[in-house]
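In: Mind looking at a prediction? Sequence and model below.
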Amino acid sequence: MERIQIAEDLSYSRIVHGLWRLADWNQSKEETLDLIEHNLGQGITTFDHADIYGSYTCEKLFGEALSLKPSLRDQMEIVTKCGIVLPSENRPEHMSHHYNTTKEHIIKSVEQSLTDLQTEYIDTLLIHRPDPFMDPASTAEAFIQLQKEGKVRTFGVSNFKDHQWQMLESYLPFSLVTNQLELSAYQLENFEDGTLNLCQQKRVAPMAWSPLAGGEVFTSNDDKAVRLRGTLTKIQEEIGAEGIDEVMYAWLLNHPSRIMPIVGSGKKNRIAGSVRSLDYTLNHDQWFEILQSSMGHDVP
């Protein structure tokens, strides 16, 4: 599988497997291990987590599976996120839903993630959401300490706009390596507001969460979904794809910013479809037909 160079000594698989629904799949740790090995066999070596996923349980479920075969850790890249605080029975000390990007909270979150994932290091740590109460100096101190201690190799952000990225990076002695964004043929905000342009300016490959728009295109009867579904079905036939999900992945994969879609399914056939999407080339007519169908009007 194609790989994307993230840092001098770190690369990601072009398709990333997302574990935010892992707790919902009701798998044994043996079944989760089997899914991990299936992904590795497909060339998907990058796994995306966040401390809050599954109400603070998904990292632990993944770590329990990985503990059955610890040697697999050297074959994968683990990405995780922190900064969102959620009330949960698994975190009784949390009193309210808010953001916390202080040095103390970030270090505590990483220490817990390392324990839950049963690993000695995280390949990339992301700040999950922009924090309007962020002290970037405190956040930077956490990053620098965690890197110096060998607990986190690289750092990035998620859902940051260009000014938020620039602000945080200005406090760091090293560059941020990725921005995890909502990107899909249905949700165009980050294509339109300059966020993706900054990634290209920085030569940073973004990760795309919800690349299938949460299934909206498949199920909704609103005008946009119906219109886009029709266009995707037409192009599916033109390129020989097995489903419109593969066309949606291909639409992202063909963009020159080197988008890395996060596949959030636990079903092997769905994961295989995302891998097949790497083989589809959309020409300019097809790419813009999808764009204009989503916008509901022609480009200016």
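Out: Alright, I've got the coordinates.
In: Put the alpha carbons of the helix or strand of the chain with the lowest mean pLDDT into CSV.
Out: Between all helices and strands in the chain, the lowest mean by mean pLDDT, DSSP states H and E belongs to helix 216-219, at a mean of 91. The C-alpha coordinates for helix 216-219 follow below in CSV (Å, rounded to 0.1, in the frame of the first residue of the first chain):
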residue,chain,number,x,y,z
GLU,A,216,-25.6,10.5,5.3
VAL,A,217,-25.2,10.0,1.5
PHE,A,218,-26.5,6.4,1.7
THR,A,219,-29.6,7.0,3.8
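In: Could you name the helices and strands sitting against that helix?
Out: When contacts are defined as 3 or more C-beta pairs under 8 Å, 6 or more residues apart in numbering; DSSP states H and E, helix 216-219 sits against helix 223-239, helix 244-253. Where you see a C-beta, it was placed from the backbone N, CA and C, and this is true even at glycine.
In: Stretch 259-274: how far from the chain's middle?
Out: Relative to the centre of its chain, stretch 259-274 is centred 12 Å away, using C-alpha atoms, centre = their mean, to the nearest Å.
In: what pLDDT, on average, does that stretch get?
Out: Predicted confidence along stretch 259-274 averages 97 (mean pLDDT).
In: Quick one: end-to-end length of that stretch, please.
Out: Across stretch 259-274, the straight-line distance between its terminal residues is 13 Å, by C-alpha to C-alpha, to the nearest Å.
In: Identify the residues contacting it?
Out: Under the contact criterion C-beta atoms under 8 Å, 6 or more residues apart in numbering, stretch 259-274 has outside partners 4, 12-22, 25, 27, 35, 38-39, 42, 44, 46, 48, 178, 180, 183, 205-211, 242-243, 245-246, 249, 252-253, 277.
In: Skipping its backbone neighbours, what lies nearest residue 24 in space?
Out: Once its chain neighbours are removed from consideration, residue 24 has its nearest residue in residue 54; the separation is 7.4 Å (C-beta to C-beta, 6 or more residues apart in numbering).
In: residues contacting that neighbour?
Out: 20, 21, 22, 23, 24, 61.
In: Report the secondary structure state of it.
Out: Assigned with DSSP: H, G, I helix; E, B strand; the rest coil, residue 54 falls in the helix class.
In: repeat for residue 32
Out: Taken by three-state DSSP, the conformation at residue 32 corresponds to helix.
In: just checking, it touches residue 61?
Out: Yes: with contacts defined as C-beta atoms under 8 Å, residue 32 counts as touching residue 61 at a distance of 6.4 Å.
In: Now the common contact residues for these two.
Out: Residues touching both residue 32 and residue 61 comprise residue 22, with contact defined as C-beta under 8 Å, 6+ apart.
In: Show the residue spans covered by the strands in the stretch 1-150 of the chain.
Out: Counting by DSSP state E, counting those that start in this stretch, one finds strands in the stretch 1-150 of the chain at the ranges 3-7, 10-13, 16-18, 46-48, 77-82, 84-85, 98-99, 122-127.
In: Out of these, which gets nearest to residue 174?
Out: Each of those was checked against residue 174 via C-beta to C-beta, and the shortest separation belongs to strand 3-7, namely 8.8 Å.
In: What lies in contact with that closest one?
Out: Among residues not part of strand 3-7, those counted as contacts by C-beta under 8 Å, 6+ apart are 11, 12, 13, 14, 124, 153, 154, 177, 178, 205, 258, 260.
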